[in-house]
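Enquirer: A predicted structure for the sequence below; I have some questions about it.
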Number of protein chains: 2
Amino acid sequence: MELRTLRYFVAVAEELHFGRAAARLHMSQPPLSRAIRRLESDVGASLFDRSPAGVALTPAGAVLLDEARDLLDRADRARARVAAAAGAATLTVGILGDEGDGGGPGAAALAGTFRRRHPHAEVRVRDADLTDPTCGLHAGAVDVALTRGPFDETGLSVRALRTDPVGALLRADDPLARHGSLRPADLADRRWFRFPVGTDPLWQAYWSGGELREGPMVRAVRECRQAVLWNGTVGMTLLGHEPGEGLVVVPLTGLPPSRVVVAWRTGEANPLVRSFVRIVVAAYRG
Amino acid sequence: MELRTLRYFVAVAEELHFGRAAARLHMSQPPLSRAIRRLESDVGASLFDRSPAGVALTPAGAVLLDEARDLLDRADRARARVAAAAGAATLTVGILGDEGDGGGPGAAALAGTFRRRHPHAEVRVRDADLTDPTCGLHAGAVDVALTRGPFDETGLSVRALRTDPVGALLRADDPLARHGSLRPADLADRRWFRFPVGTDPLWQAYWSGGELREGPMVRAVRECRQAVLWNGTVGMTLLGHEPGEGLVVVPLTGLPPSRVVVAWRTGEANPLVRSFVRIVVAAYRG
DNA sequence: GGGGGCGATACCGTACGGGTATCGTCCCCC
DNA sequence: GGGGGACGATACCCGTACGGTATCGCCCCC
């Protein structure tokens, strides 16, 4: 007799209809039927009379409906009290700014889900520029980062969410722009944009086509586009996004795809971090 | 926040020691640690201070301990009330008498487990003789049968619990008794004991070596032994049991092994049946 | 400095809870 | 009276999550 099962039971008892109850619970009807059957064998009593005419509560079911509502109510209040006793809780989330992640659920939606689950907690979302892919995880500026690899993962726990193929960002009038795909060697003589000194080396190397090269320095996606547009520089970006006026993206082969990840400091004490991670993983899966 | 998790939490909060709490819960320590971590991220608060010195409750943990005890208490009472509202519940269990099942948990142990889970219910155990392997399932004399195949399964649901190899039951001074194994054909000219008229044909055929033969009529295991001992009759029995004074069991090849099963009428309304089946299956697995 | 206690982590197997597809049954209506 | 629709049950599949064992990391203490 778990609380989730009791929630199922209350839904069926209120709807008196398995199909509608399942819809209300955002699940399909067969698992709901099974869960109720199991609940019945668990408490050792029939809870519903299933007659062709419809579903009706048995006396035992009526008693359980009462008790279940009470239990669920108290469980909710218990949660609230615990949260209150825990005092002010804060979670600082870092996301890779500007472009962020086009195909994902979006930071706003994630923060919303999180706030619904933890109404007492304060969520701060902090945008990072392309200088630090960890958004300040190492430095302690954020508790959890929703970002993109690769970066130095020592001391961090990482869960992959998705992988995206990458492409070269070129001016539309570049001779290479008409190729169907390119390899890094094809761009060996070009200048690539790079990031300010102190940027994570793995990150720097990956997004500069495999090695550091001379080129304009950028901090944000917008600056990358400008750098490509204004001079012969090339850059890397994700496939599938609209590259912008006067620009073209050509798929790059021979490079590992870029991973969207959620990362946090290993052994982090703040329990909200794990909760956020679970929400993010679930959102990217669904 | 499920009730099971809260039981875990209370155990840890009372022991203030993960290892001991795990022992009390009859589980190992790692899953317990994980469950508590998950609970913490679920409620969004740290519940324990894990210091090298030991484990201590946080303020939030203290609040939850209070609430959890209350919830678990009320859940127990809810169960009791539902059971009371359901009125007198009865489960009649049929077991194949006399020998029953040597290697299994035993009907007494199973009934004990069941009574602990359903204190309000009345359990009646009914021994059957070898005449009816279903112990009166078809006739409605019992709700669930813990028995041995094969038998007519129409209208019944069956779950297999174990299979046992079978052997021929012979007098120790029988010339065939010294063989390492026998096939039914080796016993073609012998008389086999048989069961009273009206016995399930599948059952009758299986335990008479593949066909019906003339021979003494028996109703119980004891009678089988006597029949073999007193005249040249042969019979079938299970390997691994002590056959008794003056008797020998020789393995029989070429026959499907005998299945120990739990069976009930398909679509049975009594929810105690499913509960009993679950208990039996768990007991045979563990 | 080494050993022991204890919680955390890693990894694996199983079972349960979710899904889709289909059935059986009853009702209703043409 | 037969066909179709509504609805709960069943069959089957799959992923997750919860159990387990083995091992690590850390601190304490002798």
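Expert: Yep, that arrived. Owing to the predicted nature of the structure, the values given are computational and were not obtained by experimental measurement. Residues are numbered from 1 along each chain as shown, chains lettered A, B, ... in the order given.

Enquirer: does A:Gly246 touch A:Ala172 like I think?
Expert: Yes: counting by Cβ atoms under 8 Å, A:Ala172 is a contact partner of A:Gly246 at 5.3 Å. For glycine as for every other residue, the C-beta is placed from the backbone atoms N, C-alpha and C.

Enquirer: closest to the centroid, which residue in chain A?
Expert: Geometric centre of chain A, nearest residue: A:Val280, 3.2 Å, by Cα atoms, centre = their mean.

Enquirer: residues touching that one, list them.
Expert: Neighbour list for A:Val280: A:Leu110, A:Leu146, A:Leu161, A:Val262 [criterion: Cβ atoms under 8 Å, 6 or more residues apart in numbering or on different chains].

Enquirer: go again with 6 Å.
Expert: A:Val280 makes contacts with A:Leu110, A:Val262, as judged by Cβ atoms under 6 Å, 6 or more residues apart in numbering or on different chains.

Enquirer: stretch A:36-50 close to DNA strand C?
Expert: Yes: Stretch A:36-50 lies within reach of DNA strand C by Cβ under 7 Å from any atom of the strand, at A:Arg38.

Enquirer: how near is the closest residue to A:Ala128 other than its chain neighbours to DNA strand C?
Expert: Counting by Cβ to Cβ, 6 or more residues apart in numbering or on different chains, A:Ala128 lies nearest to A:Cys135, which is 3.8 Å off, once chain neighbours are set aside. Distance from A:Cys135 to DNA strand C, counting by Cβ to the nearest atom of the strand, to the nearest Å: 21 Å.

Enquirer: pLDDT score assigned to A:Cys135?
Expert: For A:Cys135, the pLDDT comes out at 83.

Enquirer: ditto for A:Gly210
Expert: The model's pLDDT for A:Gly210 equals 65.

Enquirer: what sits against A:Asp152?
Expert: Residues near A:Asp152 by Cβ under 6 Å, 6+ apart: A:Asp200, A:Leu202.

Enquirer: how close does it sit to chain B?
Expert: Using Cβ to the nearest Cβ, to the nearest Å, A:Asp152 is found at 26 Å from chain B.

Enquirer: neighbours around A:Pro59, how many?
Expert: As a burial measure, A:Pro59 scores 15 neighbours (other Cβ atoms under 10 Å in any protein chain shown).

Enquirer: find the nearest non-adjacent residue to it, please.
Expert: Leaving aside its chain neighbours, A:Pro59 sits nearest to B:Ala85 (5.0 Å; criterion: Cβ to Cβ, 6+ apart).

Enquirer: please identify the helix or strand for that neighbour.
Expert: helix B:59-86 (DSSP states H and E).

Enquirer: helices and strands around that helix, which ones?
Expert: Packing partners of helix B:59-86 (3 or more Cβ pairs under 6 Å, 6 or more residues apart in numbering or on different chains; DSSP states H and E): helix A:59-86, helix B:3-15.

Enquirer: quick one: closest of these to DNA strand C.
Expert: With Cβ to the nearest atom of the strand as the criterion, DNA strand C lies closest to helix B:3-15 of the helices and strands packed on helix B:59-86, at 8.4 Å.

Enquirer: could you check how far the helix or strand containing A:Val262 is from the centre of its chain?
Expert: Using DSSP H and E, A:Val262 falls within strand A:258-265. With Cα atoms, centre = their mean, to the nearest Å as the basis, strand A:258-265 stands 10 Å off its chain's centre.

Enquirer: could you do stretch A:112-119 as well?
Expert: Centre-to-centre, stretch A:112-119 and its host chain are 14 Å apart (Cα atoms, centre = their mean).

Enquirer: perfect, that will be all.
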